[in-house]
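Trainee: have a look; sequence and predicted model below, questions after that.
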Amino acid sequence: MTEDKKGKLHFWDAIWDLRVKECPCDVHFCDWLEKNDVKNASIFHFGTGSHHIVGIRTAENGSNNCVLAITASPGEYDAFVKLAIDRPEVEKTYKSFFGDIYQLEPRLLPEFDVVTLFHLCEFRNERNDEYGALTDLQVLEMLTDKTRPGGYVIFYTKSFAFDTAEKVIAQWEESRKVEKIGLAETLLVYRKTA
């Protein structure tokens with residue numbers, strides 16, 4: 001019997017509380033949804049934070065949006081479980097799951113109207129290579145393919161890895177039919193054209 005050489009899942013062993021001065025992306029996203037009167041939308045959200053503000057605000061603001069979110073933090077997932085138990089009215093339209101975004105399987109995902117990739121290029125490293133995970137570009141392309149025509153793909157320009165993400169975004173602009181809409185506070189908004 002040989003020992004399995006593949007590495008264990010790369011996860012984030014910390015939690016992120018709501019610290020708007022340091023990282024306002026989730027609040028800016030909720031503001032953008034409300035300002036643009038986005039309603040009845042299906043949203044994919046990368047990185048929940050332990051605050052789960054995107055799921056809470058979309059459940060509370062009457063928009064009838066629904067959010068599927070992924071976190072690589074066991075602590076943030078535990079916070080979701082507590083939220084779901086304590087606030088079933090939020091859990092009805094907000095689902096969070098634990099996993100490595102670089103392991104997403106497109107066959108398990110529905111189509112979305114809005115995709116957030118605020119943390120693109122922040123977490124992938126050689127540990128993901130040990131089990132053949134997707135690259136940042138592959139994740140971006142796959143989630144764009146799961147976005148309906150006319151839907152949005154949104155990035156966070158103040159991410160510590162945005163200089164790297166910009167290079168991936170440039171490649172993506174060549175591989176997918178998208179148009180840059182522009183900036184909305186700290187967010188960079190694109191629309192899928194076909």
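Mentor: Done, it's in.

Trainee: centre of the chain versus stretch 169-188, how much separation?
Mentor: Centroid separation between stretch 169-188 and its chain, computed with CA atoms, centre = their mean, to the nearest Å, is 15 Å.

Trainee: mean pLDDT per helix and strand in this protein: which one sits at the bottom?
Mentor: helix 126-129 (a mean of 86; mean pLDDT, DSSP states H and E).

Trainee: identify each buried residue in that helix, please.
Mentor: The neighbour-count check on helix 126-129 (16 or more other CB atoms under 10 Å) flags Asn128 as buried. From N, CA and C alone the C-beta is placed, and that goes for glycine too.

Trainee: likewise stretch 179-187?
Mentor: Of the residues in stretch 179-187, 184, 186-187 count as buried by neighbour count, 16+ other CB under 10 Å.

Trainee: which of those fall in strands?
Mentor: 184, 187 (DSSP state E).

Trainee: what is the nearest of the buried residues of stretch 179-187 to Asn36?
Mentor: Taking CB to CB as the measure, Asn36 lies nearest Ala184 of the buried residues of stretch 179-187, at 8.3 Å.

Trainee: ok, that closest one - contacts?
Mentor: 28, 31-32, 35 (CB atoms under 8 Å, 6 or more residues apart in numbering).

Trainee: which PyMOL command selects the buried ones in those?
Mentor: In PyMOL syntax, the buried subset of these is picked out as below (16+ other CB under 10 Å):
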select buried, resi 28+32
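
Trainee: now do the contacts for Ala165.
Mentor: 117, 120-121, 136, 155, 159.

Trainee: which ones among the contacts of Ala184 map onto helices?
Mentor: 28, 31-32, 35 (DSSP state H).

Trainee: just curious, which of the contacts of Ala184 is nearest to Val178?
Mentor: Using CB to CB, those come closest to Val178 at Trp32, 17.1 Å.

Trainee: just checking, that closest one touches Thr186?
Mentor: No - using CB atoms under 8 Å, Trp32 makes no contact with Thr186, being 10.1 Å away.

Trainee: tell me the pLDDT at the spatially most central residue of the chain?
Mentor: Geometric centre of the chain, nearest residue: Phe46, 1.6 Å, by CA atoms, centre = their mean. On pLDDT, Phe46 comes in at 97.

Trainee: against Ala69, how distant is it?
Mentor: Shown here: Phe46 relative to Ala69, a distance of 8 Å by CB to CB, to the nearest Å.

Trainee: what's the answer for Arg127, then?
Mentor: Taking CB to CB, one finds Arg127 at 22 Å from Ala69.

Trainee: which strands and helices lie in contact with the longest strand along the chain?
Mentor: Secondary structure of the chain per DSSP E: the longest strand is strand 147-156. Here strand 147-156 touches helix 25-35, strand 112-116, helix 136-145, helix 162-175, strand 187-192, going by 3 or more CB pairs under 8 Å, 6 or more residues apart in numbering; DSSP states H and E.

Trainee: please identify the most buried of those.
Mentor: strand 112-116 (a mean of 23; mean count of other CB atoms under 10 Å).

Trainee: tell me the strands beside that one, with direction?
Mentor: According to DSSP bridges, strand 112-116 has the following sheet partners: strand 42-46 (parallel), strand 147-156 (parallel).
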